[in-house]
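Asks: what follows is a predicted structure for the sequence shown.
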Amino acid sequence: MNLVAPHLRHPRNLRLAFLFLLAACTKTPSPPKPAAHLVERTFASMGTELHLQAWTADEAGANAAFEAVFNEMNRLEGLLSNWLKTSDVEQLNAAAGLHPVRVAPELREVLRSAHQLSELTEGKFDITWGALSDLWKFDYQNKDDTIPAPAEIARKRKLIDYRKVVVDDAAGTAFIEGKGMTVNLGGIGKGYAVDRASDILKRRGFHDFIVQFGGDMYAAGLEDNHMWRLGIQDPRGPQNQIFAQIDLSDSTFSTSGDYARSFVRNGRRYHHIIDPATGEPAMGCRSVTIVANSATMADGLSKGVFILGPEAGMALVQRTPGVDAVIVSSKNEVLVSPGIKGRLTMLAKPTDAP
């Protein structure tokens with residue numbers, strides 16, 4: 001059977017048909033797609049560094065998403081920062097004991113989360129510790145190594161009570177019932193910001209990334225088909241010296257320690273994590289690293305567990321679903337919750353020093 005159509009049997013037409021078929025079979029190959037690689041950006045925000053990483057082939061898209069995250073961090077700073085007198089939280093503090101204040105939904109959300117963490121830690125995490133912030137001055141913008149007088153500490157401790165912070169979502173307001181009380185969000189604000197940043201990156205279609213904001217971070221997906229490997233700072237070693245590493249995916253990671261903002265006087269280390277019960281720096285731990293599903297939860301819980309101390313803190317971790325911890329005690333002992341042991345690698349014993 002002859003499969004060539006009659007009008008193509010002429011030699012010239014056969015040659016044209018052949019050239020047409022040859023062209024159809026030799027299409028120009030498409031350029032190779034760019035391979036996934038690590039895209040990184042660092043921004044200054046809220047008094048610290050915001051470091052973003054994404055494992056992606058879309059570098060331009062990642063950089064655009066990173067800019068969106070940075071803009072959101074600046075917006076949140078305008079709501080949650082205790083250093084900006086125009087922020088919502090500072091307006092709330094200015095009206096303490098006087099009247100409710102209309103505040104942004106984000107601040108109300110943080111205040112509700114803080115209340116839950118206070119209940120969970122039996123009051124050890126308490127954002128109204130801010131009443132003591134003008135006595136203990138560990139922040140970089142206001143650093144002073146003076147040890148307050150015990151009488152002054154006792155007077156200010158009376159102004160600490162998380163139960164007096166009232167949120168009214170229907171009215172869009174918050175109210176601090178006690179005059180002279182002060183809310184300080186330094187123990188939870190960056191964790192909340194990490195959660196917001198992670199949401200932005202996910203909504204923009206990124207699945208493999210890290211958001212690091214000071215000691216708070218969220219690791220999503222994988223890096224080059226492997227879990228993200230993160231280090232835990234040696235609390236008495238030089239900066240960036242780690243004593244352990246942990247593999248994480250789709251988890252938050254928050255470390256609170258007594259080393260970043262501190263001074264040593266007469267053999268005792270004074271630092272910025274204040275125990276509301278004593279009005280003085282907590283003494284049971286050197287560092288606490290919390291792994292959880294929420295950066296807001298991990299941020300606040302790392303402080304609460306630190307103040308509770310190693311034994312009571314680890315007991316709280318083990319009875320809280322979805323939470324794990326690595327604790328370095330004041331005696332330089334390392335406590336690890338059972339749920340994290342398979343992903344944790346000890347590299348060295350933490351440095352033993354005051």
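Replies: Structure received.
Asks: what's the burial count for residue 348?
Replies: 11 (other CB atoms under 10 Å). Backbone N, C-alpha and C define where each C-beta goes, glycine included.
Asks: what's the closest non-adjacent residue to it?
Replies: residue 243 (5.1 Å; CB to CB, 6 or more residues apart in numbering).
Asks: touching, that neighbour and residue 237? I think so.
Replies: Yes - shown here, residue 243 and residue 237 form a contact pair, counting by CB atoms under 8 Å, at 7.0 Å.
Asks: identify the contacts common to those two.
Replies: Counting by CB atoms under 8 Å, 6 or more residues apart in numbering, the residues touching both residue 243 and residue 237 are 350-351.
Asks: on that earlier part again, ok, now which ones touch the residue nearest to residue 348?
Replies: Shown in contact with residue 243 (CB under 8 Å, 6+ apart): 232-234, 237, 334, 346-351.
Asks: between these, which is closest to residue 258?
Replies: Closest to residue 258 out of those is residue 233 (11.4 Å), distances taken as CB to CB.
Asks: circling back to that earlier point, so the residue nearest to residue 348 sits in a helix?
Replies: No - secondary structure of residue 243 (DSSP: H, G, I helix; E, B strand; the rest coil): strand, not part of a helix.
Asks: from residue 227, how far off is it?
Replies: Going from residue 243 to residue 227 by CB to CB, to the nearest Å gives 19 Å.
Asks: least confident secondary structure element in the chain?
Replies: helix 11-25 (a mean of 50; mean pLDDT, DSSP states H and E).
Asks: hang on, the earlier thing: per-residue pLDDT, the residue nearest to residue 348?
Replies: Looking at residue 243, its pLDDT stands at 98.
Asks: what does residue 146 give?
Replies: On the pLDDT scale, residue 146 gets 87.
Asks: tell me who's in contact with it.
Replies: If you count contacts by CB under 8 Å, 6+ apart, residue 146 has them with residue 137.
Asks: how far away is it from residue 49?
Replies: Taken as CB to CB, the span from residue 146 to residue 49 is 28 Å.
Asks: and the residue nearest the centre of this protein?
Replies: residue 216 (2.9 Å; CA atoms, centre = their mean).
Asks: what about that one, distance to residue 118?
Replies: 19 Å.
Asks: swap in residue 107?
Replies: Residue 107 is 16 Å from residue 118, by CB to CB.
Asks: likewise residue 67?
Replies: 35 Å.
Asks: looking at the two, which one has more neighbours?
Replies: Shown here are residue 67 and residue 118; by other CB under 10 Å, residue 118 has more neighbours (22 against 13).
Asks: I'd guessed the more buried one sits against residue 126; true?
Replies: Yes - assessed by CB under 8 Å, residue 118 is found in contact with residue 126 at 5.5 Å.
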